[in-house]
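In: Provide a 3D model corresponding to the input given below.
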Amino acid sequence: MKIRFGYVSHALSLWECSPAKTLTYTRWKAMDEAERMEKLVDVTKQNLINTLRAVHYNIAQQIPLYRFSSSIVPLATHPEAKWDFVSFFQEELRQIGDLVKQSGMRVSFHPNQFTLFTSDKGHITENAVTDMEYHYRVLEVMGIADSSLINIHVGGAYGNKEKAVERFHHNLLSLPPLIKQRMTLENDDKTYTTAETLAICKKESIPLVFDYHHHEANVSDTRLEELLPQIFRTWDSIQLKPKIHLSSPKSEKEFRSHADYVSLDFVLPFLKMARELNEDFDVMIEAKQKDKAALQLVEDISKIRGVKRTGGATIVWK
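Out: Okay, here's the model as predicted:
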């Protein structure tokens, strides 16, 4: 069983490498027109430079998974401020995409919690479609839209989960088919359990990104041993390895919050369960210490008997 690991957006080992520098709408609105565009271009340029630095760092460290920041382009989807960032940065975006392709890195996006399809308010669905279109457009200009994914949660229950799921299936019809083909769903820590998310994924033929920490905070009625093989099979349609999120609780009191690093003791039961399936998969580490946490967990796992570290963030478990 081969497992590859990665992390989310910020390469903390690099100096001043945030790919998510922001420009708020309030600040943007207070500027004159020329200053607005100048600031948007300047902040986006910094974010793209730092994204490129992170990709180079990942290659050097042999980290094969990476999640781009959704905030690369400030105000890209704001109805009053959104702008044609592609005309300014097509070359820079293509450069990042070319490097991703050359290295074989697996990359993704994870829009925020407001990108959802369960609301009964039409403008929220419209905003969700707009946000998904933005993420897809970035990947498209990079030249990697056909191999990358955009992961979201199902959304809220609004007091009636059954009705909310019905709305999800209906509202999802608003999403262009090309973008839906690059979409994944993730179980969450409060509302939609793994089993519930799996049922939605099966109906829509969408891969499920299983989050073990969320599962432990919001346990399904069905045992994970029964669910996991089915979760892995949701990936067959797009011919990519299953992808898992791993993190561990900050504390018992703050169980849903992510710790700085990932506790091997916390994730080991899942890893042993996955080993029984003897199937390769990828892991995105969602810990506060980002790349440092990913590399530390790989080091910790590699000390287990039968595990061999074959790269900076890759192990083989016999």
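In: check which helix or strand covers the nearest residue to Lys292 once chain neighbours are set aside.
Out: Take Lys292 and drop its neighbours on the chain: the residue closest to it by C-beta to C-beta, 6 or more residues apart in numbering is Leu12, 5.7 Å away. (C-beta placed from N, C-alpha, C; glycine too.) Under DSSP states H and E, no helix or strand contains Leu12.
In: what about Leu12, neighbour count?
Out: When neighbours are counted by other C-beta atoms under 10 Å, Leu12 registers 14.
In: ditto for Asp282
Out: Asp282: 20 surrounding residues under other C-beta under 10 Å.
In: that one in helix, strand or coil?
Out: strand (DSSP: H, G, I helix; E, B strand; the rest coil).
In: touching, it and Arg4? I think so.
Out: Yes - counting by C-beta atoms under 8 Å, Asp282 does reach Arg4; the two are 4.8 Å apart.
In: now the common contact residues for those two.
Out: Overlap of the contact sets of Asp282 and Arg4 (by C-beta atoms under 8 Å, 6 or more residues apart in numbering) consists of Pro64, Leu65, Arg106, Lys241.
In: about what we covered before: let me see the contact set for the residue nearest to Lys292.
Out: Residues near Leu12 by C-beta under 8 Å, 6+ apart: Gln289, Lys290, Asp291, Lys292.
In: look up phi and psi at the last one.
Out: Read it as Lys292. Main-chain torsions, Lys292, degrees, to the nearest 10: phi -60, psi -40.
In: for Asp260, see how far away it is.
Out: Per C-beta to C-beta, to the nearest Å, Lys292 is found 9 Å from Asp260.
In: more neighbours: the two, which one.
Out: Taking other C-beta under 10 Å, Lys292 and Asp260 do not tie; Lys292 has more neighbours (17 against 13).
In: that one touches His10, doesn't it?
Out: No - the criterion here is C-beta under 8 Å, and Lys292 misses it with His10 at 10.3 Å.
In: buried sites along the least confident helix or strand in the chain by mean pLDDT?
Out: Ranking every helix and strand in the chain by mean pLDDT, DSSP states H and E puts helix 25-29 at the bottom, with a mean of 91. Residues of helix 25-29 classed as buried: Trp28 (neighbour count, 16 or more other C-beta atoms under 10 Å).
In: what comes into contact with that helix?
Out: So helix 25-29 is contacted by Arg36, Lys39, Leu40, Pro74, Leu75, His78, Glu80, Ala81 (C-beta under 8 Å, 6+ apart).
In: ok, of the residues you listed, which one's closest to Lys21?
Out: Nearest to Lys21, judged by C-beta to C-beta, of those is Pro74 at 7.6 Å.
In: three-state assignment of the closest one?
Out: Classification of Pro74 by three-state DSSP places it in coil.
In: just Gln230 next, same as before
Out: Going by three-state DSSP: Gln230 is helix.
In: ok, now how distant is the closest residue to it other than its chain neighbours from Asp282?
Out: Of all residues not flanking Gln230 in the chain, Leu198 sits nearest, at 6.0 Å (C-beta to C-beta, 6+ apart). Applying C-beta to C-beta, one obtains 18 Å for the distance of Leu198 from Asp282.
In: right, and Ile152 touches Phe109 too?
Out: No - the criterion here is C-beta under 8 Å, and Ile152 misses it with Phe109 at 9.3 Å.
In: packing partners of whichever helix or strand Leu52 is part of?
Out: Secondary structure from DSSP H and E places Leu52 in helix 33-61. If contacts are counted by 3 or more C-beta pairs under 8 Å, 6 or more residues apart in numbering; DSSP states H and E, helix 33-61 sits against helix 25-29, strand 65-67, helix 85-103, helix 290-301.
In: now Ser71: phi and psi?
Out: Backbone torsions of Ser71, given as degrees, to the nearest 10, read phi -100, psi 20.
In: need the contact list for it.
Out: By C-beta under 8 Å, 6+ apart, the neighbours of Ser71 are Pro19, Ala20, Lys21, Thr22, Asn47.
In: in helices only, show me those residues.
Out: Mapping the contacts of Ser71 onto helices (DSSP state H) picks out Asn47.
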